[in-house]
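**Q** only geometry, no sequence info:
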């Protein structure tokens with residue numbers, strides 16, 4: 001029994017072909033949108049690539065770019081097919097191509113769905129990349145005179161100002177690293193020398209943060225040094241002071257930023273998948289209805305359109321049997337090991353003499 005059988009008159013078939021022609025061109029536009037979204041995500045990731053550890057997170061934008069390009073090609077071809085199918089006689093040139101086209105488009109729509117799910121599953125990998133990448137960037141913050149790292153100070157400062165964040169998980173992350181280069185430390189001062197000697201690794205650690213951590217909404221001048229020393233500042237309590245520094249960590253800020261982008265892109269790709277699936281369903285109905293009307297011989301008669309000619313179970317069983325029998329066609333039967341011609345029937349009609357010459361016919365006298 002056919003799945004979701006629908007009756008189509010000639011007028012309905014022609015209208016379906018026209019509507020599908022328009023929808024395929026709209027799908028070409030959606031393919032351009034997918035390509036643009038993948039390109040946008042790739043650019044946004046590359047903007048702050050130096051703040052991310054080496055992780056394979058480029059596969060999501062690359063997937064969207066590839067899917068967008070394939071969508072343009074597939075739907076352009078689908079639009080041409082549907083335009084020709086308005087005339088039933090032109091359908092003959094596409095008859096052998098439509099079923100492979102539908103199968104390829106089905107797998108393509110599955111790839112679109114995978115791309116949408118990737119946008120929602122990328123968060124954990126992105127978080128790992130940001131955690132390790134930000135930690136390295138903060139560690140090399142002081143290396144302004146080292147080739148390959150001299151740009152990191154400006155990058156981190158611009159990040160903290162733009163996203164209103166401080167440190168990796170919070171401003172106290174700066175307390176655990178030396179973010180001031182030794183070239184700017186006066187080694188003749190006793191305080192500096194004592195601080196360096198007090199650290200096992202010889203690092204100059206202090207309870208201070210870079211200027212980019214200062215909250216612009218603070219009513220008082222920003223306190224960057226001796227942040228945890230209440231007695232060093234008038235009318236100050238570091239445990240209750242929330243407007244002095246940015247409280248949010250940069251990892252959380254960037255993660256929220258990229259998560260918002262990916263969820264928006266994922267929703268767009270999911271809507272595109274539903275649209276592509278509906279167009280594919282219409283093309284399948286058009287193909288089956290036109291094939292049935294050609295079998296009937298009357299191009300103006302009604303015909304049935306369906307998604308599957310048989311039920312789901314029967315179709316699956318048939319395809320499984322086809323796969324099982326693929327390797328059996330070239331097998332040789334070796335059960336009879338005697339005369340290789342034992343199963344070959346004889347085509348001779350008579351046995352002649354020793355010289356294999358037929359006897360001459362003697363005419364009968366009338």
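**A** Now that the structure is in, tell me what you want to look at. Values in this document were obtained by computation on a predicted structure and should not be read as measured data. Numbers count the residues shown, from 1 in each chain.
**Q** dump the residue contacts of the residue nearest to residue 182 when sequence neighbours are not counted.
**A** Closest residue in space to residue 182, ignoring its immediate chain neighbours: residue 204 at 7.4 Å, by CB to CB, 6 or more residues apart in numbering. For the C-beta atoms, the positions are set from N, CA and C on the backbone; glycine is no exception. Residue 204 makes contact with 178, 180, 182, 185, 192, 195, 196, according to CB atoms under 8 Å, 6 or more residues apart in numbering.
**Q** So residue 204: helix, strand or coil?
**A** Here residue 204 is coil, with the state taken from DSSP: H, G, I helix; E, B strand; the rest coil.
**Q** what's the answer for the one 4 residues further on, then?
**A** For residue 208, the secondary-structure state derived from three-state DSSP is coil.
**Q** Is there a neighbour count for it? I'd like the number.
**A** The burial metric for residue 208, expressed as a neighbour count using other CB atoms under 10 Å, is 17.
**Q** For residue 294, grab the count of nearby residues.
**A** For residue 294, the count of nearby residues is 16 (other CB under 10 Å).
**Q** Then residue 29?
**A** The criterion is other CB under 10 Å. On that basis, residue 29 has 12 neighbouring residues.
**Q** State the helix or strand in which it lies.
**A** helix 10-47 (DSSP states H and E).
**Q** Buried residues of that helix, list them for me.
**A** Taking 16 or more other CB atoms under 10 Å as the basis for neighbour counts, the residues of helix 10-47 that come out buried are 10, 12-13, 16-17, 20-21, 23-24, 27-28, 30-31, 33-35, 37-38, 41-42, 45.
**Q** any idea whether the residue most central in space within the chain is helix, strand or coil?
**A** Centroid-nearest residue in the chain: residue 115, 3.0 Å away (criterion: CA atoms, centre = their mean). Three-state call for residue 115 (three-state DSSP): helix.
**Q** separation between it and residue 6?
**A** In this structure, residue 115 and residue 6 are separated by 31 Å, where distance is defined by CB to CB, to the nearest Å.
**Q** Equivalent analysis for residue 237, please.
**A** Taking CB to CB as the criterion, residue 237 is separated from residue 6 by 74 Å.
**Q** How about residue 234?
**A** To residue 6, residue 234 is 82 Å away according to CB to CB.
**Q** Which of the two has more residues huddled nearby?
**A** Of the pair residue 234 and residue 6, residue 6 is the one with more neighbours under other CB under 10 Å, namely 15 against 7.
**Q** need the contact list for the spatially closest residue to the more buried one that is not a sequence neighbour.
**A** With sequence-adjacent residues excluded and distances taken as CB to CB, 6+ apart, residue 6 is closest to residue 305, at 5.0 Å. Contact partners of residue 305, counting by CB under 8 Å, 6+ apart, are 5, 6, 7, 8, 284, 285, 286, 288, 289, 292.
**Q** what about 6 Å?
**A** Contact partners of residue 305, counting by CB atoms under 6 Å, 6 or more residues apart in numbering, are 6, 8, 285, 288, 289.
**Q** So which of those are in helices?
**A** Applying DSSP state H to these, the entries found in helices are 285, 288, 289.
**Q** which one of those is nearest residue 119?
**A** Sorting those by how near they are to residue 119, with CB to CB, puts residue 285 at the top with 30.7 Å.
**Q** Give me the distance between that closest one and residue 306.
**A** Computed with CB to CB, the distance linking residue 285 and residue 306 is 7 Å.
**Q** same thing with residue 295?
**A** Taking CB to CB as the measure, residue 295 and residue 306 are separated by 14 Å.
**Q** More neighbours: those two, which one.
**A** For residue 295 versus residue 306, neighbours defined as other CB under 10 Å are more numerous around residue 306 (17 against 8).
**Q** Hmm, that one is touching residue 5, no?
**A** Yes: counting by CB atoms under 6 Å, residue 306 touches residue 5, with 4.6 Å between them.
**Q** show me what contacts residue 246?
**A** For residue 246, the contact set (CB under 6 Å, 6+ apart) comprises 164, 165, 166, 213, 215.
**Q** Disregarding flanking residues, what is the spatial nearest neighbour of it?
**A** Using CB to CB, 6+ apart and skipping residues adjacent in sequence, the residue nearest residue 246 is residue 166, 4.3 Å away.
**Q** again, but for residue 119
**A** For residue 119, the spatially nearest residue (CB to CB, 6+ apart) is residue 266, at 3.2 Å.
**Q** okay, the angle between the helix or strand the one you found falls within and helix 10-47?
**A** In the assignment (DSSP H and E), residue 266 maps to helix 250-296. Interaxial angle of helix 250-296 relative to helix 10-47 (axes from the mean of the first three to the mean of the last three CA atoms, to 10 degrees): 160 degrees.
**Q** Pull the number of nearby residues for residue 285.
**A** Residue 285 sits with 22 neighbouring residues when counted by other CB under 10 Å.
**Q** Would you quantify the distance from it to residue 142?
**A** Taken as CB to CB, the span from residue 285 to residue 142 is 67 Å.
**Q** Check residue 270 too.
**A** Applying CB to CB, one obtains 45 Å for the distance of residue 270 from residue 142.
**Q** Looking at these two, which is more packed in?
**A** Of the pair residue 270 and residue 142, residue 142 is the one with more neighbours under other CB under 10 Å, namely 20 against 17.
**Q** Skip the chain neighbours and tell me the closest residue to the more buried one.
**A** If the residues on either side of it in the chain are set aside, residue 142 comes closest to residue 181, at 4.2 Å by CB to CB, 6+ apart.
**Q** can you count the residues close to the one you found?
**A** Residues contacting residue 181 under the criterion other CB under 10 Å number 15.
**Q** per-residue confidence at it?
**A** Listed pLDDT for residue 181 reads 87.
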